[in-house]
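Engineer: one predicted model, sequence on top.
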Number of protein chains: 2
Amino acid sequence: MLDGTNFVAGERRSGKTIFRAREAATGLEIAPDFHEADANDIADACAAAADAQRAFASLPLSQRATFMRLVADKIDALGDDLTQRAMRESGLPEARLNGERGRTVGQLRLFADEVEHGSWQRLRIDHADASRTPPKPDLRLRMVPLGPVAVFGASNFPLAFSVAGGDTAAAFAAGCCVVVKGHPAHPGTSELVAGAICAAVAECGLPAGVFSLLNGTSNDLGAALVSDPHIAAVGFTGSRSGGLALMKIAAERPVPIPVYAEMSSVNPVVLMPARLAEGAEELARSYVGSLSMGAGQFCTNPGIVLAVESPALGQFLDEVAKSLGTVPAQTMLTSGIASSFGEGVDRLSTLPGARLLGSGKEGSTACGRAQVYTVDGESFAANEAYSNEIFGPVSIIVTCKSMEQVKAILAGMEGQLTATLHMNSDDHAEAAKLLPALEQIAGRIIANSWPTGVDVTHAMVHGGPFPATSDGRSTSVGTLAIDRFLRPVSYQDMPQGLLPSALRDASSGSIRRINGQY
Amino acid sequence: MLDGTNFVAGERRSGKTIFRAREAATGLEIAPDFHEADANDIADACAAAADAQRAFASLPLSQRATFMRLVADKIDALGDDLTQRAMRESGLPEARLNGERGRTVGQLRLFADEVEHGSWQRLRIDHADASRTPPKPDLRLRMVPLGPVAVFGASNFPLAFSVAGGDTAAAFAAGCCVVVKGHPAHPGTSELVAGAICAAVAECGLPAGVFSLLNGTSNDLGAALVSDPHIAAVGFTGSRSGGLALMKIAAERPVPIPVYAEMSSVNPVVLMPARLAEGAEELARSYVGSLSMGAGQFCTNPGIVLAVESPALGQFLDEVAKSLGTVPAQTMLTSGIASSFGEGVDRLSTLPGARLLGSGKEGSTACGRAQVYTVDGESFAANEAYSNEIFGPVSIIVTCKSMEQVKAILAGMEGQLTATLHMNSDDHAEAAKLLPALEQIAGRIIANSWPTGVDVTHAMVHGGPFPATSDGRSTSVGTLAIDRFLRPVSYQDMPQGLLPSALRDASSGSIRRINGQY
């Protein structure tokens, strides 16, 4: 069923170098052999994407949407085969992967609706005024696609942030062709999904260059892809070092291109005093659930919790320790991630002031053992290493002397994907003082839940100031993500017949801003 | 009247190093002495901007707009003093500078209206749905300012793209404090305008850090400004080498920041055959007017004209040569620009295939002499040096064998601010084939006029793919320019009282997208 080859603009290509996936739980190799893409495959995929770009971009929006819905249907049709393969490759449980498939196809369909809604085109018309000095021209603006996008599959969402994940959906929605570098931890999952996309491309009669999938285990493949002159933008979710490397390559190209890298975040959570006094134990249990969910392998894992010392905080800590004791060890995505997690926790345990509060159950070396550390506010502030993300089920509770200390710690933080306040109405006055700092550091500010859910909708921001992302002006989840792959073009005094149809006088449909008014 | 000091958050600061402006026409120094800003001044200005950022960003929009209108009023009130000083420093004629002042204050007022219009906030609300699995949270999105913006004054628009120019207006509109590095060619003009801004800051009771102006002649000042950790974005209009240098500094910071550099463009113009046959002489005269206007010192100067060989093209060339003969030499902005122009034209004249078609009148060494060269399509395509911008009143007419050759040349071009088609209805079918290539290379596509007018309005794009700008996803003219200085923040399940007022249920005013619908 899987043949292990690359998809280069619809053509299945084998190669000289072979690798295999490994079962996450056991570390054992799984058939079949996968073929690494070489320099020719990369160049051909990118050239085909550039060739296909014009035809894809100029499809009527309804046809672009139809294509995306067909991709979703074909991923749905992969059914249990997809889930089973993804389970073996990622170690993630069945329910989670079925949920993730729902999210993946839901996201494609939401973006398809958004394509038809059309407001992302930002249509603007300013009519001419010949009586003005100098005469005012007729100007009409719309957004056009940047060009072919290189998408890097993420290890921690083998469906929702991989081959047909959020970046691909947003790029397609913007009218950009996509070349995916598949994540080597789940090549079989990637092949199944790529097959679905290619079938939809063919069935819609689109040029095959609209989509390619390249397999590989080396960083060179990614570097060559980002360096290819046909590539106009990059979408990446992964480590900070990986994201920084891609940013450097993109900035040093003869023609620099934007990189949207979602990299690292410790997602600070503040337990406000009144809320903590009211529900310490319930908060403790939901916290442990959030930090250990999916073996903590979420970009929005609550890595840092801040609270002021109080008897209620004592209760909270006790309940966290107790609750943690029941958390089973969970298989991590790859052996590399499992060992990095172990090393990260070892480093954390030796930081001045770090105290192990409690641990979950121990498992095999493939597993992540849930752990929570405490540290006092002063030691935390004195040691930057506390703020480094450790990818996995670990979190640090910072016990502070005062809300002033909480505020100072927040204000000194790097950019984050999220910041969270647990509060009740008695905390609002104090919370209002923290909000400006939270707005400055984070892309999403959450009240009274844990950050690990990321809804795919219009008002979601999954982004944030550097180093949470490489480019805090954008989001990688939600319909606003389309904007990342667009640029504006203005048409001056263009005859009606030569205007893009959405900008003609007679056009109706998408919202337009005419002479400044909607 | 001028005292030559820097404005560091409202404080007038002198310094150890002195420089003077030079009269553009004579090269002679003009009083008074100007004081170069040093490292302390830069650090203090940026720190004050960061301190003021929260207060400025949280002003009610109506007050932000009032401040911007007051800046415009105070620039108007500078009256003839401003024009006279700008004339001496820039060599630009009085009428042009009065027009440019009108554009500058008009732009501030347009952005003030845009601030109140509020659509740039991109308000989005997705209501909660507790019945969904998992429950859907309430999510509300708005754009917030990036933070303090460093603005580099441009030499060629001492008012409209300098201290209170387009970048400053857009940054203020976005709620960002501004630190300007004044252009050393017009420090007196800069001081007058900065005085107007500082007076408006004080009169509105805003923190003084909202605005600073730093003087200097060295590149180190600009580098230090872009490196300052408080600076969140950069606006620059100038040379390609200058823009590239700032991009590199910004990308290598511990926290990289966006650079909006408007750098270089040769603005290709195509004379379509039917239009040329119909009006060769009229086109020739308007072309000469456009390329020599303001001594050719516009980013949108028509540097390259493409046309297919024909008798009408012969007529066009004859009339261009004739028309050029009457063009007076004009003072250039600085002696440096005048000598660079001379060197650029010398290099052009030695390129294989280059033939001088005609020249304007000769003037002093401070002047630019209008010149037009011709070259055949093959020689043009064979030599990249033809595509380098020469800043000043020079243009190249490329005589092509066929429309296919025109199309191939366009498709091979670097990114441009503009691309222009002169055509009549008999040309439309052929023009339609060129448009996709023009969309790919340019930010603005113009029909039947010359590119040198840039209207400040909603649908203007003054931007384009690299190297026209460092970031083709934006414009530096028109209200869409606000977007450059914003990033999205989402609020999840936030109590009404803690939400920004524009996102509360009860708010009315700015357009909002609620559950996907406007």
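Structural biologist: Right, received. Where do you want to start?

Engineer: okay, CA-based contacts and neighbour counts for the rest of this
Structural biologist: Noted.

Engineer: what's the closest non-adjacent residue to the residue in the stretch 201-350 of chain A that chain B sits nearest to?
Structural biologist: Of all residues in the stretch 201-350 of chain A, the one sitting closest to chain B is residue A:255 (6.3 Å; CA to the nearest CA). Distance criterion CA to CA, 6 or more residues apart in numbering or on different chains; nearest residue to residue A:255, sequence neighbours excluded, is residue B:466 at 6.3 Å.

Engineer: give me the neighbour count for the one you found.
Structural biologist: Residue B:466 is flanked by 25 other residues according to other CA atoms under 10 Å in any protein chain shown.

Engineer: surely it and residue A:254 touch.
Structural biologist: No - using CA atoms under 8 Å as the test, residue B:466 is too far from residue A:254 to be in contact (9.4 Å).

Engineer: which strands border the helix or strand harbouring residue A:19, and is each parallel or antiparallel?
Structural biologist: Per DSSP states H and E: residue A:19 is located in strand A:18-22. Counting by DSSP bridges, the strands paired with strand A:18-22 are strand A:29-35 (antiparallel).

Engineer: for the helix or strand following the partner strand, packing partners?
Structural biologist: Sequence-wise, the next helix or strand downstream of strand A:29-35 (DSSP H and E) is helix A:39-57. If contacts are counted by 3 or more CA pairs under 8 Å, 6 or more residues apart in numbering or on different chains; DSSP states H and E, helix A:39-57 sits against strand A:6-8, strand A:178-181, strand A:211-214, helix A:219-227.

Engineer: per-domain residue ranges of chain A.
Structural biologist: A:6-19+A:48-263+A:471-503, A:269-447 (automatic domain parsing).

Engineer: any idea of the mean pLDDT in the longest one?
Structural biologist: Translated: domain A:6-19+A:48-263+A:471-503. Confidence for domain A:6-19+A:48-263+A:471-503, expressed as mean pLDDT, is 97.

Engineer: same check, this time on the shortest one
Structural biologist: Averaging pLDDT along domain A:269-447 gives 96.

Engineer: close to chain B: what parts of the stretch 1-150 of chain A are there?
Structural biologist: Where the stretch 1-150 of chain A comes near chain B, counting by CA under 8 Å from any CA of the partner chain, the residues are A:54, A:124-126, A:136-137, A:139-141.

Engineer: biggest separation within those residues, which pair?
Structural biologist: Distance extremes for the residues of the stretch 1-150 of chain A next to chain B: the farthest pair is A:54 and A:136 at 31.4 Å, using CA to CA.

Engineer: and the residue nearest to residue A:255, backbone torsions?
Structural biologist: phi -50, psi 140 (degrees, to the nearest 10).

Engineer: now the strands for the stretch 51-200 of chain A?
Structural biologist: A:124-126, A:139-145, A:149-152, A:178-181 (DSSP state E, counting those that start in this stretch).

Engineer: any chance of those strands in a markdown table, plus mean neighbour count?
Structural biologist: What follows is those, written out as a markdown table (neighbours: other CA atoms under 10 Å in any protein chain shown):
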| stretch | mean neighbour count |
| --- | --- |
| strand A:124-126 | 24 |
| strand A:139-145 | 26 |
| strand A:149-152 | 30 |
| strand A:178-181 | 30 |
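
Engineer: the stretch 51-200 of chain A: helices as residue ranges?
Structural biologist: A:61-90, A:94-117, A:166-174, A:187-203 (DSSP state H, counting those that start in this stretch).

Engineer: which stretch among the ones you listed is buried most, on average?
Structural biologist: For these, the largest average neighbour count (mean count of other CA atoms under 10 Å in any protein chain shown) is found in helix A:166-174, namely a mean of 30.

Engineer: distance from the chain centre to that helix, please.
Structural biologist: Centre-to-centre, helix A:166-174 and its host chain are 12 Å apart (CA atoms, centre = their mean, to the nearest Å).

Engineer: ok, that helix near chain B or not?
Structural biologist: No - using CA under 8 Å from any CA, helix A:166-174 stays clear of chain B, coming no nearer than 13.0 Å.

Engineer: and that helix, what does it pack onto?
Structural biologist: helix A:61-90, helix A:94-117, strand A:149-152, strand A:178-181.

Engineer: how far away from the center of its chain is stretch A:212-228?
Structural biologist: Computed by CA atoms, centre = their mean, the chain-centroid distance of stretch A:212-228 equals 19 Å.

Engineer: pull out the buried residues from stretch A:29-47.
Structural biologist: Using 16 or more other CA atoms under 10 Å in any protein chain shown as the test for burial, stretch A:29-47 gives A:32-38, A:41-43, A:45-47.

Engineer: residue A:439: which of the residues of the stretch 1-150 of chain A next to chain B is nearest?
Structural biologist: residue A:124 (30.0 Å).

Engineer: can you tell me which residues contact the closest one?
Structural biologist: Neighbouring residues of residue A:124 by CA atoms under 8 Å, 6 or more residues apart in numbering or on different chains: A:140-142, A:503, A:512-516, B:458-459.

Engineer: which of the residues you listed lies closest to residue B:159?
Structural biologist: Closest to residue B:159, out of all of the contacts of residue A:124 and judged by CA to CA, is residue B:458, at 20.5 Å.

Engineer: where's the closest one relative to residue A:16, distance?
Structural biologist: 54 Å (CA to CA, to the nearest Å).

Engineer: okay, these two: which has more neighbours?
Structural biologist: Per other CA under 10 Å, whichever of residue B:458 and residue A:16 has more neighbours is residue B:458, with 25 against 8.

Engineer: surely the more buried one touches residue A:517?
Structural biologist: No - using CA under 8 Å, residue B:458 is not in contact with residue A:517, being 9.9 Å away.

Engineer: next, format the buried residues of stretch A:29-47 as JSON lines and append distance to residue B:296.
Structural biologist: Listed next are the buried residues of stretch A:29-47 as JSON lines, based on distance: CA to CA, whole Å:
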{"residue": "A:32", "distance to residue B:296": "65"}
{"residue": "A:33", "distance to residue B:296": "62"}
{"residue": "A:34", "distance to residue B:296": "59"}
{"residue": "A:35", "distance to residue B:296": "56"}
{"residue": "A:36", "distance to residue B:296": "53"}
{"residue": "A:37", "distance to residue B:296": "50"}
{"residue": "A:38", "distance to residue B:296": "49"}
{"residue": "A:41", "distance to residue B:296": "46"}
{"residue": "A:42", "distance to residue B:296": "43"}
{"residue": "A:43", "distance to residue B:296": "41"}
{"residue": "A:45", "distance to residue B:296": "43"}
{"residue": "A:46", "distance to residue B:296": "39"}
{"residue": "A:47", "distance to residue B:296": "38"}
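
Engineer: enumerate the residues of the stretch 251-400 of chain A near chain B.
Structural biologist: Checking the stretch 251-400 of chain A against chain B by CA under 8 Å from any CA, the hits are A:251, A:255-256.

Engineer: neighbour-wise, which of those residues leads?
Structural biologist: Result: residue A:256 is most packed of these (other CA under 10 Å), 23 neighbours.

Engineer: isn't there a strand covering that one?
Structural biologist: No - counting by DSSP: H, G, I helix; E, B strand; the rest coil, residue A:256 is not found in a strand; it is coil.

Engineer: please name the residues that touch it.
Structural biologist: So residue A:256 contacts A:250, B:466, B:470 (CA under 8 Å, 6+ apart).

Engineer: kindly report the same for residue A:479.
Structural biologist: Contacts of residue A:479 (CA under 8 Å, 6+ apart): A:110-111, A:114, A:170, A:456-460.

Engineer: measure residue A:190 to residue A:225 for me?
Structural biologist: Distance from residue A:190 to residue A:225, by CA to CA: 17 Å.

Engineer: now do residue A:322
Structural biologist: Distance from residue A:322 to residue A:225, by CA to CA: 48 Å.

Engineer: one more: residue A:409?
Structural biologist: Taking CA to CA, one finds residue A:409 at 39 Å from residue A:225.
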